[in-house]
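Peer 1: Here is a sequence with its predicted model. Questions after.
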Amino acid sequence: MTNYELMFIIDPALEEEAKAATVEAVKGIIETEGEVIGEADVWGMRKLAYPIRKKSEGYYVVIEFQAPPTLPKELDRRLKISDNIMRHMIVNKDEK
């Protein structure tokens, strides 16, 4: 298992329940093959460096997880097609 960190930005127009459901859905995708380490680190609303989809703020969430090397590709594919997630980044924490 490899250690990864996922940061994603949720659309700020969503209601709190929808944001929480999105975080749980992402954790569910990870838990199909991997394991979430600790709790999701919710940073909350932050100003974006540049507008994304004509929005200047986003709801930031960071999740650390362990998974086999095949999971990040599938996770990336599913996050790209999600309407609720504006941007995401998966980092391999074991690479030096």
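Peer 2: Structure's in. What do you need?
Peer 1: State which helix of the chain is the longest.
Peer 2: helix 16-31 (DSSP state H).
Peer 1: Can you give the distance of that helix from its chain's centre?
Peer 2: On the basis of C-alpha atoms, centre = their mean, to the nearest Å, helix 16-31 sits 9 Å off its chain's mean C-alpha point.
Peer 1: ditto for stretch 83-96
Peer 2: Between the centre of stretch 83-96 and the centre of its host chain there is 7 Å, according to C-alpha atoms, centre = their mean.
Peer 1: contacts for it?
Peer 2: Outside stretch 83-96, the residues that touch it by C-beta atoms under 8 Å, 6 or more residues apart in numbering are 2-11, 14, 18-19, 22, 26, 52-53, 55, 58, 64, 72, 75-76, 79-80. (C-beta placed from N, C-alpha, C; glycine too.)
Peer 1: Nearest to the spatial middle of the chain, which residue is it?
Peer 2: In the chain, the residue lying closest to the centroid (C-alpha atoms, centre = their mean) is Phe8, at 3.6 Å.
Peer 1: hang on, the earlier thing: for the longest helix of the chain, name the packing helices and strands.
Peer 2: Contact here means 3 or more C-beta pairs under 8 Å, 6 or more residues apart in numbering; DSSP states H and E; on that basis helix 16-31 packs against strand 2-10, strand 35-52, strand 55-67, helix 71-80.
Peer 1: which stretches of this protein have low pLDDT?
Peer 2: Along the chain, the model assigns pLDDT under 70 to residues 96.
Peer 1: Can you report phi and psi for Arg53?
Peer 2: Dihedral pair for Arg53: phi 50, psi 40, per degrees, to the nearest 10.
Peer 1: Quick check: closest non-adjacent residue to it.
Peer 2: In space, Arg53 comes closest to Met86 once its chain neighbours are excluded; the distance is 6.0 Å by C-beta to C-beta, 6 or more residues apart in numbering.
Peer 1: Within the helices and strands, which one has the one you found?
Peer 2: Assigned by DSSP states H and E, Met86 falls within strand 85-92.
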